[in-house]
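Trainee: Build me a model:
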Amino acid sequence: MAVHSAEFGGAQVVALGQARALRLDHDLVIAVGPGPLHAAFAEIATAVVRRPAYLPIWGASRGRWGLQIARSIPDAMRFAGTVWRRRIDVVVVNSTVLVSPVVGARLAGVPVIVHAQEAPKSAAAIRLFRVHGQLANTVVAISPWVARAFEGARASVLLNPVGIEMPRDPGPRDVCADDPLRLVMVGTVDRKKRAHVAIAAVAALGRRGLEAELTIHGREVDPAYAAELRNQARDLDVARKVVFAGPTSEVAARLLTSDALLLPGGEVTPLVLMEAMARRTPVVAARMGSIPDVVTDGESGLLVAPEDPHSLAAAVARLRREAGLAQRLAEEGRRRVEEDYDETRAHRRLSAEIRRLTTRHRAGRGVARRRLGASWRRLRAAVLRWRLRASPVRVAGALVYHQTFRTPAEGEQVVPGITAAVLELHLRHLRRSYELVPASQLHRAMLARRRGRPIPIAITFDDDLASHLEVAAPLLQRLGCPAAFFLTGAGLDGPHSFWWQRLQAAADRGLDPRPALRKAGLRAGADQPLAGLAVDVERSPAAVRAAVAEELSRLLGGDPPAYGLTRSKIRPLTQAGFEIGFHTRDHRPLPELADDELARALHDGRAALEAATGRPLSTIAYPHGRADERVAAAARAAGYTDGFGAPGGAITARSNRLLLGRIELLLEDPSSFELAMASELWADR
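Mentor: Okay, here's the model as predicted:
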C-alpha cells in the first residue's frame, strides 16, 4: 500500500481504515512518509518503506512539476525493486498524486489499484487521471462524479464510496431549539473550505433576528486566509460570534454539542459530513463536488448554492424555525450513512477486487519461478546475504516472537504465534547464516561488524507467557541461541492477563466474547472474526479497553494461568542466561500518554521486575510496537540504553538506539523465511 502522506486528512484516514481491514487477510508493506499517522500505519504493517514522490495537483509551477517528475522516475525503479524483493502480490495506491508506485508495480508485473479521491477540476488532476486510467488495473472512484472522469479509460472503474467507522447511535437529539444556534465547521482552514461564506452567513442570520455562534475547528494551513477570515469577522461585527478553535481530536464531541455542521465548500466527499450525519447532527452544505452524492436536499440535509452566504443563512434559519425539520433531517441522515457509508462495505468491495486481481494474476505468474519454488528462494536469499556480508554496510535485525505452541494452534488467534517446530527451523537458519547476539549488544555489534563478517541478529520475545518458559527457552538453550524476553512483570504475584489475552482465552474455551464487548460499548457484530474484534478494541479509547478487560474477566471468572509469569517462573529464565527487558507493567500505547503518565509507565513495575530477575533492566520493548521521538527521549531519561519495537524493519547506523525496529516473520516455509529475512535486511541497508 502506497500512501501519499502521513498527515491528518480525509484520504489518509480512509487509507488507514483500509489498511486495518486488509491486514486481517493480508501481510501489508506500507510505503508512507513521516507524520502524525506514521506510527498508526507502522503498527498495522508487516514492514514500512519509504514514501514515493508525489505530483502536485493544485498551484504548482512548471518547475516544481518537472522536479517531482524527475524524482518519480528513479522512485518507480526503486518501488519495482521493493515489490520484487518483498514478493508483493498487489499494490494499492491511496491517491492519484502517486504515479511512481503505479509505474513500479507495472514494471514488476503485479496488478495495481489506484484510489481516485481528488476533484477532477484542475488541468494537473485531469492529466493524472488520464495516466492512471491507462496504467492501473483498477481505478476506485469514490463518487459518481469522480467515476465520470474515467469514462473511456483502459482500467476497470470500481465505484466504491468512502465510508466511516459507524459510531454508536446517540438517539434523537434536541437540536436547533434554542438561541444562540451552535454552528460548527471542521476541517483544514483553507480557501477550498470557504469559511468566509459561513462567517458572512452568521452576520446574515443576525440581520434575520437569529443569534448564532460559529466554531471553526481545524489547522490553519493558509495563514494569510486565516488572517482574512479574522478581519472579515471583525468588519462584519461578528468577531465575538466566530471562534477559531484550532485542530481538535474530539470531532465526535464537537459534533454532538452542535446544532448543525456547515460545509460551504468541498470538492470531494468530506468525511466529516458523514460523521455529522451518523451522529444526528443536521448538515447544511454547498451543492458542489461529490456532496450531492451523499446529501439529498430536504431529506438527509440541506443543500445551498456555493458562494452564497444568504442562501446558507436561509437554510440555517429553516432548521430553527420549521418545526421538526432538524429532527427529520438528522434521522434520515443517520439512516443514509448506516445504509450506504459504513466503511465495512467499502472495505469488503476493495477486498473482493484484490481477490479478483490476484487470482487472475497468479494464474499467469512466471512459470520458471513456480518451478524453481524453494530452490529459487534459497538461492535468492543466499545471494542477498553474501552481498550484505561482503559489503561494509552497517545493518542488523531484531526478530520478535510472542506465543510459542508445541502443536499447531486450533482456531483463530488474536496475536499470531509459532509452533516449536517452525521456531526451530528459524533458529537453525539464523544460527547458521547470521551472528546471533543479545539484544542489548545488537547496536554495538552492528557498528563493530567488519566486511566479510555475518550480519548480527537478535532474537526477542514479548509478553509474560508461560510458553516462554515451557517451550521457547528449552529450545533456545538446546540450540545455544541467545535471546531477550521483554516482560511486563504484571503477574509477579499471580496470573495476570490483558484484554487481548482474555479475548483469546474466551475463544479458546468456546465462549462467545461478543456480549462482553457490547457491554463495554462496542458493536461486536456477529459476523466479525476474532481478529476484527481485536482491531475494534485496539482502536477504542483507553476507558473502553479497560471496560473490555473487566467484562472479559467476568466472563472467564478470572485470569487464565497461561498468562503472567510469577517470580519463581522468571528466575529460571535469568539463570539460563537469557536477557530480561521491560515491556511496561500496564502495556499501554506509550504515544497516547501525557508526559507525566509516560514517565510513570516507564518506571512503574520496573524495580519489582529488577528485584525478581536480580539484574537491572536497561532495555525496553515498547507496547504494541508504538513509539516516537518523545517516547524515545523519555526512555533515555529513564535510563534505558536500547528501545525496541519502533516502526520499521532492519536496524542501520542511522537508527536511534531508543527507536530500534523489529521484524516479525512467522513464515512456516523455511525457504520463504530465509528470503524474507534477507530481503528485510537488504531493503533497509
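Trainee: C-alpha only now, for contacts and for neighbours.
Mentor: Will do.
Trainee: ranges for the strands of the stretch 1-150 of the chain?
Mentor: 29-31, 47-49, 91-93, 112-116, 138-141 (DSSP state E, counting those that start in this stretch).
Trainee: Ok, which of those comes nearest residue 232?
Mentor: Proximity to residue 232 (Cα to Cα) singles out strand 112-116 among the strands of the stretch 1-150 of the chain, at 35.0 Å.
Trainee: Mind exporting the C-alpha coordinates of that closest one to CSV?
Mentor: Taking C-alpha atoms only, strand 112-116 is exported to CSV below (Å, rounded to 0.1, in the frame of the first residue of the first chain):
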residue,chain,number,x,y,z
VAL,A,112,-2.2,-2.1,-9.1
ILE,A,113,-5.3,-0.5,-7.7
VAL,A,114,-5.5,3.4,-7.6
HIS,A,115,-7.9,5.3,-5.5
ALA,A,116,-9.2,8.5,-7.1
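Trainee: what pLDDT, on average, does it get?
Mentor: Mean per-residue pLDDT for strand 112-116: 91.
Trainee: Name every strand pairing with that strand and say which way it goes.
Mentor: Here strand 112-116 is paired, per DSSP bridges, with strand 91-93 (parallel), strand 138-141 (parallel).
Trainee: returning to what we had before: can I get the strands of the stretch 1-150 of the chain in a markdown table including mean neighbour count and distance to residue 217?
Mentor: Listed next are those as a markdown table, based on neighbours: other Cα atoms under 10 Å; distance: least, Cα to Cα, whole Å:
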| stretch | mean neighbour count | distance to residue 217 |
| --- | --- | --- |
| strand 29-31 | 24 | 30 |
| strand 47-49 | 23 | 31 |
| strand 91-93 | 25 | 29 |
| strand 112-116 | 28 | 26 |
| strand 138-141 | 26 | 28 |
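Trainee: May I see those organised as CSV, with distance to residue 335 added?
Mentor: Below are the strands of the stretch 1-150 of the chain laid out as CSV (distance: least, Cα to Cα, whole Å):
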stretch, distance to residue 335
strand 29-31, 34
strand 47-49, 38
strand 91-93, 30
strand 112-116, 26
strand 138-141, 23
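Trainee: Looking at these, which is nearest to residue 251?
Mentor: Going by Cα to Cα, the one of those nearest residue 251 is strand 112-116, 25.1 Å.
Trainee: ok, back up a step: out of the strands of the stretch 1-150 of the chain, which gets nearest to residue 592?
Mentor: With Cα to Cα as the yardstick, what comes closest out of the strands of the stretch 1-150 of the chain is strand 47-49 (20.8 Å).
Trainee: the helices in the stretch 401-550 of the chain, which residues?
Mentor: Secondary structure of the stretch 401-550 of the chain (DSSP state H, counting those that start in this stretch): helices at 420-433, 442-448, 466-467, 473-479, 499-508, 514-519, 530-538, 542-556.
Trainee: a markdown table for these, including distance to residue 659, mean neighbour count and mean pLDDT?
Mentor: A markdown table is the format used below for those (distance: least, Cα to Cα, whole Å; neighbours: other Cα atoms under 10 Å; pLDDT from 0 to 100):
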| stretch | distance to residue 659 | mean neighbour count | mean pLDDT |
| --- | --- | --- | --- |
| helix 420-433 | 23 | 17 | 95 |
| helix 442-448 | 11 | 19 | 95 |
| helix 466-467 | 27 | 18 | 90 |
| helix 473-479 | 26 | 15 | 95 |
| helix 499-508 | 25 | 21 | 90 |
| helix 514-519 | 34 | 19 | 92 |
| helix 530-538 | 22 | 19 | 82 |
| helix 542-556 | 24 | 19 | 91 |
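Trainee: okay, the ones you listed in TSV with distance to residue 177 next?
Mentor: Putting the helices of the stretch 401-550 of the chain into TSV (distance: least, Cα to Cα, whole Å) gives the following:
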stretch	distance to residue 177
helix 420-433	65
helix 442-448	64
helix 466-467	59
helix 473-479	67
helix 499-508	42
helix 514-519	32
helix 530-538	35
helix 542-556	32
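Trainee: what about those helices, which gets the closest to residue 653?
Mentor: Per Cα to Cα, nearest to residue 653 of those: helix 442-448, 6.9 Å.
Trainee: how far out from the middle of the chain is the closest one?
Mentor: In terms of Cα atoms, centre = their mean, to the nearest Å, the centre of helix 442-448 is set 31 Å apart from its chain centre.
Trainee: got it, and stretch 619-635?
Mentor: 17 Å.
Trainee: One more: stretch 286-295?
Mentor: The answer for stretch 286-295 is 28 Å, by Cα atoms, centre = their mean.
Trainee: same question, stretch 79-95
Mentor: 18 Å.
Trainee: quick one: buried residues of it?
Mentor: For stretch 79-95, a neighbour-count test (16 or more other Cα atoms under 10 Å) marks 79-86, 88-95 as buried.
Trainee: Return the set of residues that bridge with residue 302.
Mentor: Here residue 302, judged by DSSP bridges, has bridge partners residue 284.
Trainee: give the contact list for the closest residue to residue 483 other than its chain neighbours.
Mentor: Of all residues not flanking residue 483 in the chain, residue 459 sits nearest, at 4.9 Å (Cα to Cα, 6 or more residues apart in numbering). Neighbouring residues of residue 459 by Cα atoms under 8 Å, 6 or more residues apart in numbering: 398, 399, 400, 401, 436, 438, 439, 482, 483, 484.
Trainee: Can you tell me which of these has the most neighbours?
Mentor: residue 439 (30 neighbours; other Cα atoms under 10 Å).
Trainee: Quick one: residues contacting the residue nearest to it when sequence neighbours are not counted.
Mentor: Spatial nearest neighbour of residue 439, excluding adjacent residues (Cα to Cα, 6+ apart): residue 458 at 5.2 Å. Residue 458 makes contacts with 397, 398, 399, 436, 437, 438, 439, 442, 482, 483, 484, as judged by Cα under 8 Å, 6+ apart.
Trainee: Distance check, residue 458 against residue 434.
Mentor: Remark: distance between residue 458 and residue 434 (Cα to Cα, to the nearest Å) = 10 Å.
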